[in-house]
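K.L.:
Next come a sequence and a model predicted from it.
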Amino acid sequence: MQSSTKRMGVMTDVHRRFLQLLMTHGVLEEWDVKRLQRHCYKVHDRHATVDKLEDFINNINSVLESLYIEIKRGVTEDDGRPIYALVNLATTSVSKMATDFAENELDLFRKALELIIDSETGFASSTNILNLVDQLKGKKMRKKEAEQVLQKFVQNKWLIEKEGEFTLHGRAILEMEQYIRETYPDAVKICNICHSLLIQGQSCETCGIRMHLPCVAKYFQSNAEPRCPHCNDYWPHEIPEVFDPEKERESGISKSNKKSLRSRQH
Amino acid sequence: MSEQSKDLSDRNFAAEAPSSEVHSSPGVPEGVPPSETLAEPQSPPLGPTAAPQAAQPPQVPSDEGDPKALQQAAEEGRAHQAPSAAQPGPAPPAPAQLVQKAHELMWYVLVKDQKKMIIWFPDMVKDVIGSYKKWCRSILRRTSLILARVFGLHLRLTSLHTMEFALVKALEPEELDRVALSNRMPMTGLLLMILSLIYVKGRGARESAVWNVLRILGLRPWKKHSTFGDVRKLITEEFVQQNYLKYQRVPYVEPPEYEFFWGSRASREITKLQIMEFLARVFKKDPQAWPSRYREALEEARALREANPTAHCPRSSVSED
């Protein structure tokens, strides 16, 4: 595909700096992204009006389109925080991470990914992952090593760990959704509301449909009698609160202190 | 060979700086002399100052090079192009495939930089370019172009000897990004400037010396800066509070003078090698220009590596002949 015929959006130093910094940080929450945007304007174009974030990002994405990369917006599965990351759309395999990890490490990730997708809760226990260490491609890896590799995944924001169990980080879902849906078409779960990939969520005990926690929050907002959208049975789980960035900032609750709803609500 | 890709290889040779020596050092993949800079030809370096590179004005991207590049090509007078056309080598790939490789390489470089890993040329060939090794220069050049136009970053060969690249910001003001997010190290460029001054001196840096250096960046103690605000307050109070710097009165000196030292947090978070890399970038010199400091930095790097054998260490720039 020749890129020369595509009309490029207007790319100024404001956008370039934004891209640089977004790339540096990997994945950012929406509020940080807005600050970043304001900062870039301040450095390069102080007197211009700051574009609405959505338009700003769409403009950049029109330029990135021919490069097969995109600024993607997602929502964390456990507490509905909007996040942004610059993702590569072209490579559709775990080798996205290949710059960082050795062959056996990538395979460990693949194994963990499969366990997570197959699980009921979206979490795979450390024990179950480590038990697969003998089946890894590449250099032989001991369990102790594998534990450290798993920690590396957590540090690099591919996995999240909660009480000895692992699930996918929002960033991994953003980058790999397409790959996961193509590779595991039968095993993947989909949210009944937003139709995106679902790793953690709540499910109806009668008909089995699933919903992301933030989707549940929005769908049942101020509904005294929540009922399954599919079979109309009473929805048996606690309805989480809709994520409100304003409220969060005011109360100054740090992310680590915030009690996020556990996903074990299937 | 299509006309277009023929043009590309013309400009490739043009893009090389005249000083690139094609010595057949071991390890250099055949047929690929890395050039000093692979971005579009820039104005000559401005000497030992931190003056930013001339920023490339945003342009509609095209495959045509600068008139300057063509001029350089003419001056170069290299005859490489003729032999490669005559040789019955493998069929050149379609331009679209080269474009795709350039995109892959772009992402590869961005991710490496994001992870603060060394961008090593042989890795680039092994991991991305692969069988397109012969067209490596063309791919590299396109990647540099994209990085410059879209991200405002220069892909620069930082060391011909170790074949390492770095992504350098090409936007003005260079190195002065206020990290807009509070969880990161503040005012990286400004802080590094001061820390490296102290490091090179080997002892505390008097406040007057620090201001001499900051003046290069256009910072004065009495002037408010658009990004930093009150610079003096920043370096004497905020950085000190955060333990990046120590600000102490010089003993027995009248009228009172103050000097800066590394703070405990700087010692923890910043390596000497990072300082050397910073200096090399800013002054466009080899880190060996500060030989004893460089040696110290290498020692520290080695000690760190030995202390953390299981940590995933990026390849350091240590090169032993």
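P.N.:
Cool, got the structure.

K.L.:
Could you count how many residues lie near residue 230?
P.N.:
Using chain A here. Applying other CB atoms under 10 Å in any protein chain shown, we find 13 residues neighbouring residue A:230. (Each C-beta comes from the backbone N, C-alpha and C, glycine too.)

K.L.:
Chain B is the one I meant
P.N.:
Applying other CB under 10 Å, we find 15 residues neighbouring residue B:230.

K.L.:
ok, it to residue B:222 distance?
P.N.:
Separation of residue B:230 from residue B:222 (CB to CB, to the nearest Å) stands at 9 Å.

K.L.:
before we move on, what about residue B:239?
P.N.:
If you go by CB to CB, the gap between residue B:239 and residue B:222 works out to 18 Å.

K.L.:
likewise residue B:291?
P.N.:
In terms of CB to CB, residue B:291 sits 37 Å off from residue B:222.

K.L.:
who's more crowded, the two?
P.N.:
In terms of neighbours (other CB under 10 Å), residue B:291 is the more surrounded of residue B:291 and residue B:222; the figures are 10 against 7.

K.L.:
which SSE is whichever residue of the stretch 151-266 of chain A sits closest to chain B in?
P.N.:
Residue of the stretch 151-266 of chain A nearest chain B, by CB to the nearest CB: residue A:152 (6.5 Å). In this assignment (DSSP states H and E), residue A:152 forms part of helix A:143-155.

K.L.:
which stretches of chain B form strands?
P.N.:
B:119-120, B:153-159, B:164-169, B:205-206, B:224-225, B:229-230, B:245-249, B:258-262 (DSSP state E).

K.L.:
can you give me the helices for the chain?
P.N.:
Assuming you mean chain A. A:13-25, A:30-44, A:53-64, A:103-118, A:126-130, A:143-155, A:170-183, A:213-219, A:245-251 (DSSP state H).

K.L.:
Chain B, not that one
P.N.:
B:3-15, B:67-76, B:81-86, B:95-114, B:121-124, B:136-146, B:188-201, B:207-216, B:231-233, B:239-241, B:264-269, B:272-283, B:291-307.

K.L.:
do you know which of those helices lies nearest residue A:201?
P.N.:
helix B:95-114 (29.7 Å; CB to CB).

K.L.:
mind checking how far residue B:116 is from chain A?
P.N.:
Remark: distance between residue B:116 and chain A (CB to the nearest CB, to the nearest Å) = 9 Å.

K.L.:
neighbours around that residue, how many?
P.N.:
Residues within reach of residue B:116, counting by other CB under 10 Å, total 9.

K.L.:
what does residue B:139 give?
P.N.:
29.

K.L.:
wouldn't it be in contact with residue B:97 here?
P.N.:
No - at 9.7 Å, residue B:139 and residue B:97 do not qualify as touching, with contact defined as CB atoms under 8 Å.

K.L.:
Now the terminal residues of stretch B:276-295, how far apart.
P.N.:
Terminal residues of stretch B:276-295 are spaced 10 Å apart (CA to CA, to the nearest Å).

K.L.:
residues of that stretch that come out buried?
P.N.:
B:276-283, B:286-287, B:290, B:293-294 (16 or more other CB atoms under 10 Å in any protein chain shown).

K.L.:
lowest confidence element among the helices and strands of the chain?
P.N.:
Picked chain A for this. Of all helical and strand segments in chain A, the minimum by mean pLDDT, DSSP states H and E falls on helix A:245-251, at a mean of 68.

K.L.:
think we crossed wires, I meant chain B
P.N.:
helix B:3-15 (a mean of 33).

K.L.:
Pull the residues that contact stretch A:131-145.
P.N.:
The contact list for stretch A:131-145 (CB atoms under 8 Å, 6 or more residues apart in numbering or on different chains) reads A:102-105, A:107-108, A:111, A:115, A:130, A:146, A:149, B:310.

K.L.:
in chain A, which residue is closest to the centre?
P.N.:
residue A:170 (2.0 Å; CA atoms, centre = their mean).

K.L.:
show me the contacts for that residue.
P.N.:
So residue A:170 contacts A:27, A:74-77, A:81, A:83 (CB under 8 Å, 6+ apart).
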